[in-house]
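Undergrad: using only what follows, build the 3D model:
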Amino acid sequence: MISSSSNNRIKRLVALGKKAKFRTEEGVFLVEGEKMLREAPREWIREIYFSETFFNKRKEFIQKIVRESVNIMEKELLADEVFQKVSDTQTPQGVLGVLSMPQYTWEEYMANWSSMQSKAPLLLLLEDLQDPGNLGTILRAGEGAGVSGIVMTRNTVDLFNPKTIRSTMGSIYRMPFFVTQDLGNTIELLKENDICVYAAHLDDSVNYDVPDYTRPTAFLIGNEGNGLNRATADKATQYVKIPMEGQVESLNGAVATAILIYEAARQRRQ
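TA: From the prediction side, this is the model:
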């Protein structure tokens, strides 16, 4: 059992939790909690750490995960106070996994969309979102609404930030994503493949429930504070807006995204 927070393994876990640079260099990210470990693809799991209290209560669960994880390289018992040091939450559940980062290429995206015979693609294009909770919630809502995949700009908040991962509630395992170096070029590629791109924008917009989203569709969502860059928005097929009453000028990014994609899901059910 590791009983000192000055242990090199503990220092590494703390760094992986706090620094995107370290996560990227190792190609791993952290997940906490029994639910997140239970849903994780077994081939992604590389290391498992658990507190003494959790081990005494859930020994069979740990043994099952370790037995099923084909690429696991490390499993360690930590003293409760040491586990608190590596946890990103105030009340840790007592189990933490180090997982391999998934990788999705643009070619895989296109092949996946073109193979969908019974369902038109429904995509999200995110420009420079900065709130980890918003990004995680968008992945979770996207899975629920049947979104095919998410494209993010390189300046979007780190998808593997522990707060983002926690907000996804497991959708990180099932929602394909792609980080684009040039969002404008990506939009043009989508339009060339007959995908209509709708920009969430107030200027010269139609109400969001007017367009036909049963066709191949992508929603373009901007930064929480500044919205979409005008040059990016102008590449869209059409602007759409969510009408509001009172003195509210805008909605939270994740809330607005959920409204749009669930309208698309409603149309497609009918």
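
Undergrad: give me the contacts around stretch 261-270.
TA: With contact meaning Cβ atoms under 8 Å, 6 or more residues apart in numbering, stretch 261-270 is reached by 119-120, 122, 124, 141-142, 145-147, 208-209, 212-214, 217, 219. In this view, the C-beta of every residue, glycine as well, is placed from N, C-alpha and C.

Undergrad: next one: stretch 154-169
TA: Taking Cβ under 8 Å, 6+ apart as the rule, stretch 154-169 contacts 17, 20, 23, 29-33, 35-36, 88-89, 101, 126-133, 135-137, 139-140, 152, 172, 175, 177, 179-181.

Undergrad: show me which of the residues you listed are buried.
TA: By neighbour count, with 16 or more other Cβ atoms under 10 Å, the contacts of stretch 154-169 hold 17, 23, 29-33, 36, 88, 126-129, 131-133, 135-137, 139-140, 152, 172, 175, 177, 180 as buried.

Undergrad: hey, where'd the helices end up in this protein?
TA: Applying DSSP state H to the chain gives helices spanning 8-18, 20-26, 34-39, 52-57, 59-68, 80-86, 106-114, 132-145, 162-168, 183-192, 230-233, 253-269.

Undergrad: TSV for the ones you listed, including mean pLDDT and distance to Y239?
TA: Shown next, in TSV, are those (pLDDT from 0 to 100; distance: least, Cβ to Cβ, whole Å):
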stretch	mean pLDDT	distance to Y239
helix 8-18	96	39
helix 20-26	96	33
helix 34-39	96	37
helix 52-57	96	50
helix 59-68	94	47
helix 80-86	96	46
helix 106-114	67	24
helix 132-145	96	20
helix 162-168	96	28
helix 183-192	94	14
helix 230-233	93	7
helix 253-269	96	12
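
Undergrad: to V240, which of those lies closest?
TA: helix 253-269 (7.3 Å; Cβ to Cβ).

Undergrad: who's in contact with the closest residue to T156 other than its chain neighbours?
TA: Using Cβ to Cβ, 6 or more residues apart in numbering and skipping the chain neighbours, the partner closest in space to T156 is L129 (5.0 Å). L129 makes contact with 135, 138, 152, 156-157, 221, 223-224, 253 under the criterion Cβ under 8 Å, 6+ apart.

Undergrad: stretch 87-100: how far from the chain's middle?
TA: Distance, stretch centre to chain centre, for stretch 87-100: 18 Å (Cα atoms, centre = their mean, to the nearest Å).

Undergrad: so that it lines up with my notes, have the first residue be 32 from now on.
TA: Got it, first residue is 32 now, which makes that one stretch 118-131.

Undergrad: let me have the contacts of L160 in JSON lines, extended by distance to Q94.
TA: As requested, the contacts of L160 are exported to JSON lines (distance: Cβ to Cβ, whole Å):
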{"residue": "L166", "distance to Q94": "34"}
{"residue": "I169", "distance to Q94": "35"}
{"residue": "M183", "distance to Q94": "37"}
{"residue": "T187", "distance to Q94": "38"}
{"residue": "V188", "distance to Q94": "36"}
{"residue": "I252", "distance to Q94": "43"}
{"residue": "N254", "distance to Q94": "45"}
{"residue": "E255", "distance to Q94": "43"}
{"residue": "G284", "distance to Q94": "41"}
